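Asker: Sharing a sequence plus its predicted fold:
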Amino acid sequence: MSASNGDFSDWQQLDNNVATGSIVTDGADLYQLHKTGLIFKYTGTPLTSWQQLDNNPATVKIVASGGKLYQLHNTGKIFKDTGP
């Protein structure tokens, strides 16, 4: 996973985990969902600054909007993150 600073030849690697299943953004916030259900938020330092938010193997999708993070479980249940 890399981020561009506007010049297409300049990319900065943010993570290198083969477990990454998907990423979503909301403004400057970047979230990562692992194939195992782990959810992380990027906190600013490449490769090391990922804060774990959840670890539920039932999580199949995450969506971020309006400063909130939502997760969908394989049961159809939808949850909203209520943390700080």
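Answerer: Here it is on my side, so go on. Note that the structure is predicted; figures quoted are calculated from it, not measured.

Asker: partner residues bridging residue 61?
Answerer: residue 72 (DSSP bridges).

Asker: ok, it - contacts?
Answerer: 22, 33, 71-72 (Cβ atoms under 8 Å, 6 or more residues apart in numbering). C-betas here are computed from N, CA, C, even on glycine.

Asker: What's the first helix or strand after the helix or strand of the chain with the lowest mean pLDDT?
Answerer: Using mean pLDDT, DSSP states H and E, strand 2-4 stands out as the lowest-scoring helix or strand of the chain, at a mean of 60. Heading C-terminal from strand 2-4, the first helix or strand you meet, by DSSP states H and E, is strand 11-13.

Asker: and that following strand, what does it pack onto?
Answerer: Contacts defined by 3 or more Cβ pairs under 8 Å, 6 or more residues apart in numbering; DSSP states H and E place strand 11-13 against strand 2-4.

Asker: How far off centre is stretch 37-47?
Answerer: 6 Å (Cα atoms, centre = their mean, to the nearest Å).

Asker: follow-up on the earlier one: which of the contacts of residue 61 are buried, as a ChimeraX select command?
Answerer: Burial among the contacts of residue 61 is assessed by 16 or more other Cβ atoms under 10 Å; the matching ChimeraX selection reads:
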select :33,71
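
Asker: Could you dump the contacts of residue 61 into a markdown table and include distance to residue 10 and pLDDT?
Answerer: As requested, those are exported to a markdown table (distance: Cβ to Cβ, whole Å; pLDDT from 0 to 100):
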| residue | distance to residue 10 | pLDDT |
| --- | --- | --- |
| 22 | 24 | 98 |
| 33 | 26 | 98 |
| 71 | 33 | 98 |
| 72 | 34 | 98 |
